[in-house]
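> Would you be able to build a 3D model of this:
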Amino acid sequence: MAAPHPPEKTLDPRILLAALIALALLAMGPVLVNDWVQDDTGIILRNPLIKSLSGVWEAFGRPYWPEKAQERELYRPLQIALFTLQWAAADGAPWLFRIVNLFAYSLSVAAVFALLRRIAPLPAAWVGAAIFAVHPVHVEAVAVSVNQGETFVATILVWCAAVYLDWRRGLLPWRGALLRILPLFTIALFIKEHALVLPGLLFALELTVLRRERPVREVLRPALTLVGTLFAISALFWTLRGSVLGPGSGTNPAEALQGLTAVGRALTMLSVVPEWVRLLLWPAHLQMEWSPQEHVPWIAWSLRDTIGVTTLLSLGLALLLSWDRRPRIALALLWAGAALFPVSNLLLPTGVVIAERVLFLASVGVAILAADIAVMVAAIPAVRVPPLRPLIAAGVALLLGTAIVASAIRMRTWKNRVLFMAAAVADAPLSYRTHLSWGVMLLETGDTARGMTELHRAFELHYNNYRPFFAVADDLRKDQGDCEPAGALYDLLRDRFQRRGDLFAGSIACTTWLGAYDQAAAHARTAIERGVDADYWRRALLVIDSAATHGAPPRTVRLPALPGGWVDIGPPPAP
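Now for the predicted structure:
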């Protein structure tokens with residue numbers, strides 16, 4: 001491929017960039033009115049670390065999730081530091097976080113445009129960047145502030161790729177490239193760990209668009225120095241991460257991956273590949289939740305696996321066919337593959353099977369593909385006929401306009417907790433998590449009948465696993481002091497899992513706190529009869545009876561802690 005395309009004299013890149021930013025703001029601008037939703041609540045709103053400026057430096061010695069959620073450890077200190085500064089500047093209001101969301105997204109659009117200008121003519125680069133700017137799959141990455149890491153890291157990695165291209169083409173000295181790439185890469189690592197894919201992205205450039213421009217042997221030594229330094233920085237980062245989080249630390253595997261071998265994970269992820277392709281190329285249906293019912297773990301070969309194999313073979317064939325003829329298409333495929341490798345769960349299990357936010361960096365491959373398609377269309381002789389040009393422009397405008405409307409409408413579903421949960425249930429009706437969260441919210445707002453209906457539906461979808469329901473109930477009772485919905489969940493679980501001491505404990509603690517002393521006493525006597533830590537409940541029963549006798553007001557009586565933790569006297573009875 002000959003290289004870099006000279007800018008067209010009739011087109012001003014600055015005006016084109018301004019138009020791209022305008023498209024991005026039209027598509028994602030509704031984020032400005034979003035309240036705290038999804039993980040923003042746990043990582044920002046209820047995180048004591050970011051409430052003081054000391055969180056800027058203390059974040060480097062803490063896990064990403066608050067201390068109460070150690071089971072979901074990650075290490076992203078710069079992201080927490082950014083949240084701390086935003087919290088201080090806006091006094092805890094979400095508006096500044098949303099402005100930063102849009103700012104980070106605009107930077108990513110500019111970075112993609114800069115990269116595409118280095119590998120395609122200016123008009124084609126603009127088309128590819130425009131599709132990136134309005135892509136509906138980006139809504140999740142922009143809608144909530146906890147995903148700022150996705151956009152910032154993608155921006156940094158794309159800029160690093162552009163710098164690398166300039167160096168390889170002799171437009172930038174080697175040391176200048178190092179002084180740009182290495183600090184940016186280090187910053188990206190401390191924002192989010194998936195920055196580790198940068199060597200893979202640079203390798204994709206070498207194999208495709210750079211392959212015919214300048215033999216790699218001419219720059220082998222500096223290239224190896226750069227890659228070696230990137231790996232050294234990665235190793236140092238991982239060592240620091242391990243010293244903070246401890247050995248073997250990391251996020252728990254997603255439910256669909258728990259208990260699976262490496263082969264089982266690979267077969268489970270095989271059926272995810274078609275979903276990735278669909279979301280990147282035709283995001284007509286988006287959803288916020290993919291629990292095991294929505295995407296089941298691999299048990300036996302199914303139609304999904306056949307579709308997955310067919311999709312992989314098709315992508316492999318496309319890669320081979322484009323290798324010499326259309327190197328940009330080959331780059332698009334390799335870029336997407338490298339970006340998705342960390343969440344492929346092939347090397348290590350992660351907490352994600354599928355999520356729209358993790359497609360953000362991979363979607364740069366879609367922009368590269370779109371730019372190449374624009375180049376191909378422009379090369380068709382019939383397209384050069386003047387009457388066809390307005391039609392093609394109208395088609396591009398229609399595509400961009402449709403994507404803008406779809407993205408803006410989708411952004412509204414993240415506006416507040418009510419809209420978010422209602423949309424989640426509609427998007428993923430087989431997800432127990434969506435019904436569980438929606439049910440709890442309905443109970444909190446006083447809609448008991450609908451709330452219990454949703455809780456029962458969630459329980460039907462996940463009948464033999466009490467743990468996620470119990471975790472939600474415990475969080476409501478202990479951390480939020482909300483015993484009404486917690487008590488409803490405890491009662492639902494206690495009727496099914498009758499030998500769980502922790503369920504009795506939570507249920508009785510809530511009924512006591514709410515002043516339902518007769519009900520609490522009845523549950524305590526049932527626990528005694530079933531041998532669920534009978535000595536403790538005899539003592540607790542004295543407290544409950546005393547509260548009833550003296551007419552203690554609701555929300556004044558707490559039961560003493562159970563020594564040694566709750567008692568599990570055996571597995572639940574068979575359904």
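
> For the residue lying closest to residue 424 once chain neighbours are set aside, give me its contacts.
Computed as C-beta to C-beta, 6 or more residues apart in numbering, the closest residue to residue 424 that is not its neighbour in sequence is residue 434, at 4.3 Å. Just so you know, the C-beta spots here come from the backbone N, C-alpha and C atoms, and that holds for glycine as well. By C-beta atoms under 8 Å, 6 or more residues apart in numbering, the residues touching residue 434 are 288-289, 291, 421, 424-425, 427-428.

> was I right about residue 190 contacting residue 74?
No - in this structure, residue 190 is not within contact of residue 74 by C-beta atoms under 8 Å, at 11.8 Å.

> packing partners for the helix or strand where residue 187 lies?
In this structure, residue 187 is located in helix 174-191 according to DSSP states H and E. Counting contacts by 3 or more C-beta pairs under 8 Å, 6 or more residues apart in numbering; DSSP states H and E, helix 174-191 packs against helix 77-90, helix 148-168, helix 220-245.

> The ones you listed into CSV, with extra columns for mean neighbour count, distance to residue 199 and mean pLDDT?
Converted to CSV, the helices and strands packed on helix 174-191 look like this (neighbours: other C-beta atoms under 10 Å; distance: least, C-beta to C-beta, whole Å; pLDDT from 0 to 100):
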stretch, mean neighbour count, distance to residue 199, mean pLDDT
helix 77-90, 20, 20, 96
helix 148-168, 24, 10, 96
helix 220-245, 15, 5, 89
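
> Dump the ones you listed to JSON lines, plus distance to residue 331.
Converted to JSON lines, the helices and strands packed on helix 174-191 look like this (distance: least, C-beta to C-beta, whole Å):
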{"stretch": "helix 77-90", "distance to residue 331": "29"}
{"stretch": "helix 148-168", "distance to residue 331": "10"}
{"stretch": "helix 220-245", "distance to residue 331": "17"}
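
> Would you mind telling me which of the ones you listed is nearest residue 362?
Minimum separation from residue 362 across the helices and strands packed on helix 174-191 (C-beta to C-beta) falls at helix 148-168, 9.3 Å.

> In helices only, show me the contacts of residue 434.
Of the contacts of residue 434, the ones assigned to helices by DSSP state H are 421, 424-425, 427.

> out of those residues, which is most surrounded?
With neighbours taken as other C-beta atoms under 10 Å, the top of the ones in helices among the contacts of residue 434 is residue 421, carrying 23 neighbours.

> just to revisit the earlier point, among residue 190 and residue 74, which residue is more densely surrounded?
Taking other C-beta under 10 Å, residue 190 and residue 74 do not tie; residue 190 has more neighbours (22 against 18).

> so what's that one up against?
Neighbouring residues of residue 190 by C-beta under 8 Å, 6+ apart: 76-79, 237.

> now, the most widely separated pair of those residues?
Every pair of the contacts of residue 190 checked by C-beta to C-beta; the farthest is 79 and 237, at 13.9 Å.

> and the helix holding residue 187, how far from the chain's centre?
Chain-centre distance of helix 174-191: 24 Å, with C-alpha atoms, centre = their mean, to the nearest Å.

> any idea which of the contacts of residue 190 is closest to residue 496?
Nearest to residue 496 among the contacts of residue 190 is residue 76, at 37.7 Å by C-beta to C-beta.

> What is the burial count for the closest one?
Neighbours of residue 76 (other C-beta under 10 Å): 23.

> excluding its backbone neighbours, what's nearest it?
residue 64 (4.4 Å).

> For residue 162, see how far away that neighbour is.
In this view, residue 64 and residue 162 are 29 Å apart by C-beta to C-beta, to the nearest Å.

> Could you do residue 231 as well?
Separation of residue 231 from residue 162 (C-beta to C-beta): 21 Å.

> hang on, the earlier thing: the helices and strands packed on helix 174-191: which one's closest to residue 312?
Closest to residue 312 of the helices and strands packed on helix 174-191, according to C-beta to C-beta: helix 148-168, at 24.2 Å.

> Tell me the helices and strands packed up against that closest one.
Contacts defined by 3+ C-beta pairs under 8 Å, 6+ apart place helix 148-168 against helix 77-90, helix 94-117, helix 139-143, helix 174-191, helix 198-207.

> Skip ahead from the longest one and say which helix or strand is next.
Right, the one you point to is helix 94-117. helix 122-134.

> and the angle from that following helix to helix 148-168?
With axes from the mean of the first three to the mean of the last three C-alpha atoms, to 10 degrees applied, the angle from helix 122-134 to helix 148-168 works out at 160 degrees.

> just for the stretch 51-200 of the chain, where's the confidence low?
Scanning the stretch 51-200 of the chain for pLDDT under 70 picks out 67-73.

> which stretch of helix or strand covers residue 528?
For residue 528, the host element (DSSP H and E) is helix 517-529.

> How about the next helix or strand after that helix, which residues are buried there?
As assigned by DSSP H and E, the chain's next helix or strand after helix 517-529 is helix 534-549. Using 16 or more other C-beta atoms under 10 Å as the test for burial, helix 534-549 gives 536-537, 540-541, 543-544, 547-548.

> for stretch 88-98, same thing?
Within stretch 88-98, the residues scored as buried using 16+ other C-beta under 10 Å are 88, 94, 96-98.

> Out of those, flag the one nearest to residue 394.
Nearest to residue 394 among the buried residues of stretch 88-98: residue 98, at 33.1 Å, using C-beta to C-beta.

> was I right about that closest one contacting residue 32?
Yes - assessed by C-beta under 8 Å, residue 98 is found in contact with residue 32 at 5.0 Å.

> for the stretch 451-575 of the chain, which spans come out with low pLDDT?
The model of the stretch 451-575 of the chain has pLDDT under 70 over residues 478-482, 499, 532, 560-575.

> same thing but 50
Confidence mapping of the stretch 451-575 of the chain against pLDDT under 50 gives the ranges 564-575.

> By pLDDT, rank the contacts of residue 434 and give me the bottom one.
Ranked by pLDDT, the contacts of residue 434 bottom out at residue 291, which has 70.

> Run through the residues that contact the closest residue to it other than its chain neighbours.
Nearest residue to residue 291, sequence neighbours excluded (C-beta to C-beta, 6+ apart): residue 431, at 4.2 Å. Shown in contact with residue 431 (C-beta under 8 Å, 6+ apart): 289-291, 293-294, 424-425, 461.

> Same list, those, but as JSON lines with distance to residue 277 please.
Formatted as JSON lines, these follow (distance: C-beta to C-beta, whole Å):
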{"residue": "289", "distance to residue 277": "20"}
{"residue": "290", "distance to residue 277": "16"}
{"residue": "291", "distance to residue 277": "21"}
{"residue": "293", "distance to residue 277": "22"}
{"residue": "294", "distance to residue 277": "17"}
{"residue": "424", "distance to residue 277": "23"}
{"residue": "425", "distance to residue 277": "26"}
{"residue": "461", "distance to residue 277": "27"}
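
> Can you tell me which of those lies closest to residue 445?
residue 425 (15.0 Å).

> That closest one contacts residue 433, correct?
No - applying C-beta under 8 Å as the test, residue 425 and residue 433 come out as separate, 9.9 Å apart.

> Show the model's pLDDT score for the residue nearest to residue 291.
86.

> sorry, back to before: could the helices and strands packed on helix 148-168 go into a markdown table alongside distance to residue 498?
Listed next are the helices and strands packed on helix 148-168 as a markdown table, based on distance: least, C-beta to C-beta, whole Å:
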| stretch | distance to residue 498 |
| --- | --- |
| helix 77-90 | 42 |
| helix 94-117 | 43 |
| helix 139-143 | 40 |
| helix 174-191 | 47 |
| helix 198-207 | 52 |
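
> hmm, back to that, widest-spaced pair of the contacts of residue 434?
Across the contacts of residue 434, no pair lies farther apart than 291 and 421, at 14.2 Å, counting by C-beta to C-beta.

> What sits closest to residue 237 if chain neighbours are left out?
residue 189 (4.8 Å).

> tell me, how many neighbours does that neighbour end up with?
Neighbours of residue 189 (other C-beta under 10 Å): 26.
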